[in-house]
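Enquirer: Structure, please.
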Amino acid sequence: MTNESNDRPAAAPRPEKGLWVRIGDFFFKYRNAAFPVILVVLLVGFPPAGPAGWLDVVAVAVTLSGLGFRAAVIGFAYIKRGGLNKMVYAEDLVTGGFFGVCRNPLYVGNMLIYAGVFLMHGNPYAIALGIVGYWLLYESIIAAEEYFLREKFGPGYDDYCRDVPRWLPHFGRLKQATEGMRFNVKRVLVKDYTTMANAAMILLLLELLETYYYGTQDAFLSDLTITSVLIALVLAVTGFIALAKRRKWLRA
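Expert: Now for the predicted structure:
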């Protein structure tokens, strides 16, 4: 009489997490604290560049492109971004919408926003350290996410990785990836209003910081008044959307 358990093929051993994946797990867990702290250190640690109107225009355009890209992603297909208990987690493998164009479209949007912020600051050291540093942080987080997804979804995830690039969007696939899907404007507003508000306030504060360094006292006081009013307006709109979301006046 044979033992059936001995006839079953042994399960493939689970690969151990490498250092890069463990670093990604750490930053995924603490990103809500780590990313803002690193941003403040870079923006305050280096003096902003002198006035350069063309660079400010480019910075705002890049930031808006990042916000627009995130809006396009969320409007077509939304995924829970916080994981489970601050650990990487996913119920399903999302491959539709912009996730059929790029495997990490929200991170692409984030990198554009950060790039715009650092360009607005203008200091070459802040720009270089900020863009490269945040890209490396996201690379580690992506490594942790890919480890989890490959473990959970197996060959299906490998096929997805072969078809869809990690970073550079393949816009030729967009029509097919969004076929039959409807863009949800309300979901964009409900899910991403804080990102929009934070980006707006950071750009306003950087413009004020530039005036503090290079403008006259009168110019700084004038900009301080204008910036305060604009930030108050942004906070008021943000607060209203949060209230509407909580009271169920605005549903995704």
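Enquirer: For the rest of this, base every contact and every neighbour count on C-alpha atoms.
Expert: Will do.
Enquirer: and A49, that's in a helix?
Expert: No - assigned with DSSP: H, G, I helix; E, B strand; the rest coil, A49 falls outside any helix and is coil.
Enquirer: Could you list the low-confidence segments of the protein?
Expert: Applying pLDDT under 70 to the chain flags residues 1-14, 81-82.
Enquirer: need the helices for it, in chain order.
Expert: 4-7, 19-45, 53-76, 105-121, 124-153, 155-163, 174-177, 185-214, 217-246 (DSSP state H).
Enquirer: so of those, which one's packed in deepest?
Expert: helix 105-121 (a mean of 25; mean count of other C-alpha atoms under 10 Å).
Enquirer: counting contacts, what elements does that one pack onto?
Expert: If contacts are counted by 3 or more C-alpha pairs under 8 Å, 6 or more residues apart in numbering; DSSP states H and E, helix 105-121 sits against helix 53-76, helix 124-153, helix 185-214.
Enquirer: how distant is the shortest one from the center of its chain?
Expert: Helix 53-76 has its average C-alpha position 12 Å from the chain's average C-alpha position, going by C-alpha atoms, centre = their mean, to the nearest Å.
Enquirer: can you check the last one too?
Expert: Using C-alpha atoms, centre = their mean, the mean C-alpha position of helix 185-214 is found 14 Å from that of the whole chain.
Enquirer: Give me the angle between it and helix 105-121.
Expert: Interaxial angle of helix 185-214 relative to helix 105-121 (axes from the mean of the first three to the mean of the last three C-alpha atoms, to 10 degrees): 20 degrees.
Enquirer: same thing with the first one?
Expert: What separates the directions of helix 53-76 and helix 105-121 is an angle of 160 degrees, with the same axes, to 10 degrees.
Enquirer: CA atoms of helix 53-76 as PDB?
Expert: Once non-C-alpha atoms are left out, helix 53-76 reads as follows in PDB (Å, rounded to 0.1, in the frame of the first residue of the first chain):
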ATOM      1  CA  GLY A  53      10.000  82.200 -15.000                       C
ATOM      2  CA  TRP A  54      10.500  79.700 -17.700                       C
ATOM      3  CA  LEU A  55      11.500  77.000 -15.200                       C
ATOM      4  CA  ASP A  56       8.400  77.700 -13.100                       C
ATOM      5  CA  VAL A  57       6.200  77.300 -16.100                       C
ATOM      6  CA  VAL A  58       7.900  73.900 -17.000                       C
ATOM      7  CA  ALA A  59       7.600  72.800 -13.300                       C
ATOM      8  CA  VAL A  60       3.900  73.600 -13.200                       C
ATOM      9  CA  ALA A  61       3.300  71.800 -16.500                       C
ATOM     10  CA  VAL A  62       5.200  68.700 -15.300                       C
ATOM     11  CA  THR A  63       3.200  68.700 -12.100                       C
ATOM     12  CA  LEU A  64      -0.100  69.000 -13.900                       C
ATOM     13  CA  SER A  65       0.900  66.200 -16.200                       C
ATOM     14  CA  GLY A  66       1.500  64.000 -13.200                       C
ATOM     15  CA  LEU A  67      -1.800  64.900 -11.700                       C
ATOM     16  CA  GLY A  68      -3.500  64.400 -15.000                       C
ATOM     17  CA  PHE A  69      -1.900  61.000 -15.500                       C
ATOM     18  CA  ARG A  70      -3.000  59.900 -12.000                       C
ATOM     19  CA  ALA A  71      -6.500  61.100 -12.800                       C
ATOM     20  CA  ALA A  72      -6.600  59.100 -16.000                       C
ATOM     21  CA  VAL A  73      -5.500  56.000 -14.100                       C
ATOM     22  CA  ILE A  74      -8.000  56.300 -11.300                       C
ATOM     23  CA  GLY A  75     -10.800  57.300 -13.600                       C
ATOM     24  CA  PHE A  76     -10.600  54.000 -15.500                       C
END
